[in-house]
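Novice: Test case, fold it:
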Amino acid sequence: MALEIKPLQKLLQRPVMTPQLRQAIKILQLARADLETLVDEEVAENPLIEIAGEDGEETPAAGQEQEQPVPEPQELDWERYLASYEDRPAGDAAFTNRGDDERQPSLENTLSRGPSLADHLLWQVGTAKLSPGEEDVAVLLIGNVDEDGYLQISLDDVAQQTGAEPEVVQRVLRIIQECDPPGVAARDLRECLLLQLKSRGLEDSLAARIVSDHLIDVEHKRFDKLALLAKGLGASDPAVQQQEVAQAVGIIASLEPKPGRNFGPNEVQYVIPDVHVQRIGDEYVVTLSDEGLPRLRVSRYYRQMLGQKGETGEYVKEKLRAAVWLIKSIEQRQQTLRRVAESLVKFQRDFLDTGVSRMRPLVLRDVAQDIGMHESTVSRVVANKYMATPHGIYPLKYFFTNSLKGGQGQDVAAESVKDRIRQFISHECPTAPLSDEDLARTLAKNSVIIARRTVAKYRESMGILPSAKRRQPAGSERKVVR
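Specialist: Residues are numbered from 1 along each chain as shown. Reported below is the predicted structural model:
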């Protein structure tokens, strides 16, 4: 039988992703800041979209709209405007900002940028009496200090690029290393810590000797070897040796391994909650945050052009459909967000009453079935959104957590298990910290059966070091290293 190719028509039904539906899905999963940006862009591009109340008038309720005469557009005298503009010199700030004072933020509300580490060092070195050649060396050295405060160029390269003698480069480096913050411009961690000890007048202390020759022993908690150093300094009593080692290790732990940490371009990012949950009586009330989100409406002026024919009428109709769809999409986003938040409050009532220790295991399917929506819709709603609760501000995704089987057959939330591990470690003996196996056995006694590797995974996700690196020398205060 010969094969042949011929056209075949079929009638199929399948969902089509229209541009309007794509926009609605995009709006649904946008964070608040991104949604505000999108609204600003749409208001600027679509003349039919207005921000309600920006002209001082109240938005009339549906069915109560009052007709107002359409104002005639005023013609601008361009010749007079350009003549007055040309009379001013270019870059005249007084003229450029005239008439725009309302849009300029006040000085007290302007976020100032802190000085960078390089600016801070250059300002200090500028007060020293350096020759022009030494200033060139200082600028090159400071320019090669990274954001953590470490020098990332060799002194030989500095001498070669500036033509300075190696002794001059070394002298300028010592001047920079005496600047604030202590430990800056070091070439490795050991030098950084020694510089900080020197700034405290401890360059001849036991802590300095430990940093200089036994830093690896501090990292691996080999305190028996460190006790021999104390013995060599004249401490014969083992208890005194342990006490001196504990004090020296405490001093080292108080040093800053990244002296440039407090400098740099990083700024604090503030989170504006999308949902607020407040307890009123015995109930929790969910309210949506509308701060920064303007109310939109369709322009009355352009609606009167709908009856026009030709390109103008078609343009107004197209923009009208886009405006109405945008407004409806934002309203649908807010309504869906409220329904999801109310469902989360219902499922996590014990968390709101007590805290994370009573958090309930929850998956997307539970909320989707509760509110009658698809799981993908719930997933988009909880993305990049936050809820303010009596216990703090949490991402909506935080309330969805896997379940673990308890000893009595009940399900336990993974977040509550993490909280128990954190509590056990915070109360452990500093000289004999709990291992992952110890934590697993302790959890089993509290009706939570999980494997040691699961404990290790949870501990690492919380940024807690293993027991070997949490151990403190005898005589030191209890301190959990994270």
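Novice: isn't there a strand covering Q278?
Specialist: Yes. Under DSSP: H, G, I helix; E, B strand; the rest coil, Q278 sits within a strand.
Novice: Which SSE is immediately downstream of the helix or strand encompassing E167?
Specialist: Using DSSP states H and E, E167 falls within helix 166-177. For helix 166-177, the following helix or strand on the C-terminal side (DSSP H and E) is helix 189-199.
Novice: buried ones in that next one?
Specialist: 191-198 (16 or more other CB atoms under 10 Å). For glycine as for every other residue, the C-beta is placed from the backbone atoms N, C-alpha and C.
Novice: and if you look at stretch 425-445?
Specialist: Buried-residue list, stretch 425-445, by 16+ other CB under 10 Å: 425, 428, 430, 433-436, 438-440, 442-443.
Novice: what are the ranges of the strands in this structure?
Specialist: For the chain, the strands defined by DSSP state E occupy 49-51, 275-280, 283-288, 296-298, 386-389, 392-395, 403-405, 411-413.
Novice: Among the ones you listed, show the one with the smallest mean pLDDT.
Specialist: In terms of average pLDDT, strand 403-405 trails the rest of these, at a mean of 70.
Novice: Touching, D180 and H120? I think so.
Specialist: Yes. Counting by CB atoms under 8 Å, D180 does reach H120; the two are 7.2 Å apart.
Novice: circling back: using CSV, list the CA coordinates for the helix holding E167.
Specialist: C-alpha atoms of helix 166-177 as CSV (Å, rounded to 0.1, in the frame of the first residue of the first chain):
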residue,chain,number,x,y,z
PRO,A,166,59.3,48.7,47.4
GLU,A,167,60.1,50.4,50.7
VAL,A,168,57.9,53.3,49.8
VAL,A,169,55.0,51.0,48.9
GLN,A,170,55.4,49.1,52.2
ARG,A,171,55.4,52.3,54.1
VAL,A,172,52.2,53.6,52.4
LEU,A,173,50.5,50.3,53.0
ARG,A,174,51.3,50.5,56.8
ILE,A,175,49.7,54.0,56.8
ILE,A,176,46.6,52.6,55.1
GLN,A,177,46.4,49.7,57.5
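Novice: Mind giving me the packing neighbours of it?
Specialist: Packed against helix 166-177 by the contact rule (3 or more CB pairs under 8 Å, 6 or more residues apart in numbering; DSSP states H and E) you find helix 117-126, helix 132-143, helix 155-162.
Novice: one more time with 10 Å
Specialist: Judged by 3 or more CB pairs under 10 Å, 6 or more residues apart in numbering; DSSP states H and E, the packing partners of helix 166-177 are helix 117-126, helix 132-143, helix 155-162, helix 189-199.
Novice: and of these, who's closest to M305?
Specialist: With CB to CB, the closest approach to M305 among those belongs to helix 117-126: 56.0 Å.
Novice: per-residue confidence for E437?
Specialist: With respect to pLDDT, E437 scores 90.
Novice: Might one say that it is in contact with V455?
Specialist: Yes. Between E437 and V455 there is a contact under CB atoms under 10 Å: 8.1 Å.
Novice: Between D180 and H120, which has more neighbouring residues?
Specialist: The neighbour count for D180 versus H120, taken as other CB atoms under 10 Å, is higher for H120 (19 against 11).
Novice: for the nearest residue to the more buried one once chain neighbours are set aside, what are its contacts?
Specialist: Once flanking residues are discounted, H120 sits nearest to F263: 6.3 Å by CB to CB, 6 or more residues apart in numbering. With contact taken as CB atoms under 10 Å, 6 or more residues apart in numbering, F263 is in contact with 114-121, 147-149, 181, 184.
Novice: Pick the one among the residues you listed closest to L404.
Specialist: Closest to L404, out of all of the contacts of F263 and judged by CB to CB, is D148, at 38.7 Å.
Novice: for the closest one, what are its contacts?
Specialist: Applying CB under 10 Å, 6+ apart to D148 gives the contacts 117, 184, 186, 192, 257-261, 263-264.
Novice: Same check on T162?
Specialist: Neighbouring residues of T162 by CB under 10 Å, 6+ apart: 133-141, 168-169, 172.
Novice: and if we set it to 7 Å?
Specialist: By CB atoms under 7 Å, 6 or more residues apart in numbering, the contact set of T162 is 136-137, 140.
Novice: Fine by me, thanks again.
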